[in-house]
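1. the following block contains a protein sequence and its predicted model.
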Amino acid sequence: MYTEIVRFRLKDGVDAKDFLRAAFRMDREFQPTQPGYVAGSRRTMVSDEGEWAISVDWLTREDSERSQAAFREAGEVTRDYLAAMDESSIRIEVCTLYQLGDEG
């Protein structure tokens, strides 16, 4: 399994509550339609310094990559979500997820 981690800052003037509405809409309308998405795994976090992080679990690295490609083409749901982000601050990494029992 793989975890996609997206880190970013909101654009100046964007209210966190407005962003969260868009983020939770993504969680209901976009994420579940993506092949390989692990249901219920999407988490939204913010640091004390104002850096946001979204983590999402995928069955394969390719599922994560396909979702990233579909993201910008998904219309209003993803457009509103992305519009709240400072695009210059976005960093995406995909990590291998190890779980108890994976150690051998």
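-> On my side now, so go ahead. Just so it is clear, the structure is predicted and the values come from calculations on it, not from any experiment.

2. in the worst-scoring helix or strand of the chain on mean pLDDT, what counts as buried?
-> One helix or strand of the chain scores below all others by mean pLDDT, DSSP states H and E: helix 76-83, with a mean of 86. Within helix 76-83, the residues scored as buried using 16 or more other CB atoms under 10 Å are 77-78, 80-82. Glycine gets a C-beta too; all of them are placed from N, C-alpha and C.

3. now the strands for the chain?
-> 2-8, 43-46, 52-58, 91-96 (DSSP state E).

4. does residue 30 touch residue 75 like I think?
-> No. Using CB atoms under 8 Å, residue 30 is not in contact with residue 75; the gap is 9.1 Å.

5. comparing these two, which shows the higher neighbour count?
-> A direct count of neighbours by other CB atoms under 10 Å for residue 30 and residue 75 places residue 30 higher, at 19 against 10.

6. and the more buried one, how far from residue 74?
-> Going from residue 30 to residue 74 by CB to CB, to the nearest Å gives 5 Å.

7. and the residue most central in space within the chain, what does it touch?
-> Among the residues of the chain, the one closest to the centroid is residue 54, at 4.3 Å (CA atoms, centre = their mean). By CB atoms under 8 Å, 6 or more residues apart in numbering, residue 54 lies in contact with 5-6, 23, 42-45.

8. got TSV for those, with distance to residue 98 too?
-> TSV is the format used below for these (distance: CB to CB, whole Å):
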residue	distance to residue 98
5	15
6	20
23	27
42	19
43	17
44	23
45	20
